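**Student:** here is my input, please return the structure:
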Amino acid sequence: MSLPPNTIWRKRALHYSVIYLVLACVMVGTRYATRSIYPDLKDLRATRAELTHEKQAALLKIDETTSTASVRAWAHANGMVPFSRAKKEQVSLTAAPAKTPTVGSATLPDAAPEPLTPDAPLPD
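**Tutor:** You can find the predicted model right below:
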């Protein structure tokens, strides 16, 4: 038995209308159930904006105080002498005394052993 075409469309329209009505009720109910969250959320957003502003101000202050020009001005104010104006002295450096390396209590030889020739017997 087949239904007339008008009945099928009416049934479909009623079906979708009920679905939309249920979804609307769920959304309104969820909004009503979470109504206490929104004032706190508004306060948190304001706090976040304030903290972001403070962070940006702090980063700007760091950039200003650590710039090359600021560091140089601070150093000059605290008695730094630029390398180009500093008194330079020439000193002759002597080589450090050679020290034989030790491993534990054994002293390593100063020179590498002589290379083996193909005819030489292998050491024990």
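**Student:** domains of the protein?
**Tutor:** For the chain, automatic domain parsing gives the domain ranges 1-35, 44-80.
**Student:** lowest average pLDDT across those?
**Tutor:** Note on the domains of the chain: domain 1-35 shows the lowest mean pLDDT, a mean of 89.
**Student:** how far off centre is that domain?
**Tutor:** 50 Å (Cα atoms, centre = their mean, to the nearest Å).
**Student:** what's the answer for stretch 83-91, then?
**Tutor:** Relative to its chain's centre, stretch 83-91 lies at 41 Å (Cα atoms, centre = their mean).
**Student:** would you mark the buried spots in that stretch?
**Tutor:** For stretch 83-91, burial by neighbour count (16 or more other Cβ atoms under 10 Å) applies to no residue. Where C-beta positions appear, they are placed from N, C-alpha and C, glycine not excepted.
**Student:** quick one: the domains of the chain as a markdown table, columns for mean neighbour count too.
**Tutor:** Below are those laid out as a markdown table (neighbours: other Cβ atoms under 10 Å):
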| stretch | mean neighbour count |
| --- | --- |
| domain 1-35 | 10 |
| domain 44-80 | 10 |
